[in-house]
Every structure is written in structure tokens, then in C-alpha cells.
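S.K.: here is my input, please return the structure:
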Amino acid sequence: MTKITLDATDKKILRFLITNARTPFLEIARECGISGAAIHQRIKKLEDMGVIKGSRLVVSPKILGFDVCAFVYIRLSDITHQSDTIEHLEKIPEIVECHSVTGAYNLLVKLYCADNEHFMQCIENKIYKIPGIAGTETYMSLKESFQREINIASIEE
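M.R.: Residues are numbered from 1 along each chain as shown. The predicted structure is shown next:
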């Protein structure tokens, strides 16, 4: 993947959108000293380059009744089937993230469940049913201390 070089205005736009994706474009334009049309063009350019991958609402899983957050490392019996395994994992609605990782395991997934029983059913009836999974190791989250997409300070002016 090619690294993108952004100018100061693009970085300023990103800082606004990362802080609040609902910031009106005209407000961003005023703060950047350019027209609303220019903001639209720049954001479209950032989307086309793959810098902006979309925007979304962030909801609280706990408030919605998902009290268990777990991280499950998955070891595959045959690494050549990793993409097939990922396709199966993507169909499990409790899994919200999947990462290819280094070390003793091949994949790391993050999932939310209503309670421990729901979690066990997910592991036993969904994850372990996927062909080629040789083993797992689970870490339960006791508390999410913070969450963010990217450190805004890392986007220098």
C-alpha cells in the first residue's frame, strides 16, 4: 500500500472529522479558510485515496446488553486456509474485529456477547465448528478504558 502525503489543510480537515464526523462541512470550511465546495472536493479526494474509509456511529455495547467483551486468539491447522477461515468468522455477528497476527496464533478476534453462557455458545457452536481451527486462547476484557480510531495528535499541522 502506498503511503499518502497530506497537506496541512487535509490534516486539519481530518482532525475535525476524527473529533466529530458530524461536523458540518461549512463549519470545517470556515475554520480552514476555504469554500464549502473545496471541502467537499477534498473529502471526496481523501475517500478516493482510501484515507477516509467511511464514518459510523459508535454505540455502547454494554448499554445495549452486551456485557462480555472477549479477545480470542485462533490457531489454524493449515495457514493456507486462512482466508476461508476469515470468511467464516465474518459471518459470526458477535465478532466485531478480526486481525491476522504474529506469534503462536494466526488470528485475533474481538467479540461481544450478552453473558458468559452466550460467549460459550459462540465459541463452541460457531468458532469451533469452522474447519481448520486447531485451538484458541481467550482473554476477557474487564473494562474498556478508552477507544479511539487514531490519535489526533499524530496528524501534525
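S.K.: quick one, domains of this structure?
M.R.: For the chain, automatic domain parsing gives the domain ranges 8-57, 68-141.
S.K.: is the residue positioned nearest the centre of the chain part of a helix or strand, or is it coil?
M.R.: Among the residues of the chain, the one closest to the centroid is residue 97, at 6.1 Å (Cα atoms, centre = their mean). Taken by DSSP: H, G, I helix; E, B strand; the rest coil, the conformation at residue 97 corresponds to strand.
S.K.: ok, it - contacts?
M.R.: With contacts defined as Cβ atoms under 8 Å, 6 or more residues apart in numbering, residue 97 is in contact with 108-110. For every residue, glycine as well, the C-beta is placed using N, CA and C.
S.K.: hmm, back to that, among the domains of the chain, which comes closest to residue 149?
M.R.: With Cβ to Cβ as the measure, domain 8-57 is the member of these nearest residue 149 (6.3 Å).
S.K.: residues contacting residue 81?
M.R.: Here residue 81 is in contact with 131-132 (Cβ under 8 Å, 6+ apart).
S.K.: going forward, count from 30.
M.R.: All right, first residue 30 from here; so that's residue 110.
S.K.: on the pLDDT front, check it for me.
M.R.: Residue 110 is assigned 94 on the pLDDT scale.
S.K.: for my notes, confirm residue 102 occurs in a strand.
M.R.: Yes. Using three-state DSSP, the assignment for residue 102 is a strand.
S.K.: next, count neighbours for the residue lying closest to it once chain neighbours are set aside.
M.R.: In this structure, residue 102 finds its nearest non-sequential neighbour in residue 134, 3.8 Å apart by Cβ to Cβ, 6 or more residues apart in numbering. For residue 134, the count of nearby residues is 17 (other Cβ atoms under 10 Å).
S.K.: mean pLDDT for the domains of the chain: which is lowest?
M.R.: domain 37-86 (a mean of 92).
S.K.: hang on, residue 119 packs against residue 127?
M.R.: Yes. Using Cβ atoms under 8 Å, residue 119 is in contact with residue 127, at 7.0 Å.
S.K.: of those two, who's got more company?
M.R.: The neighbour comparison of residue 119 against residue 127 (other Cβ under 10 Å) goes to residue 127, with 18 against 11.
S.K.: distance check, the residue nearest to that one when sequence neighbours are not counted against residue 102.
M.R.: Leaving out its chain neighbours, the residue that sits closest to residue 127 by Cβ to Cβ, 6+ apart is residue 138, at 4.9 Å. Residue 138 sits 8 Å away from residue 102, taking Cβ to Cβ, to the nearest Å as the criterion.
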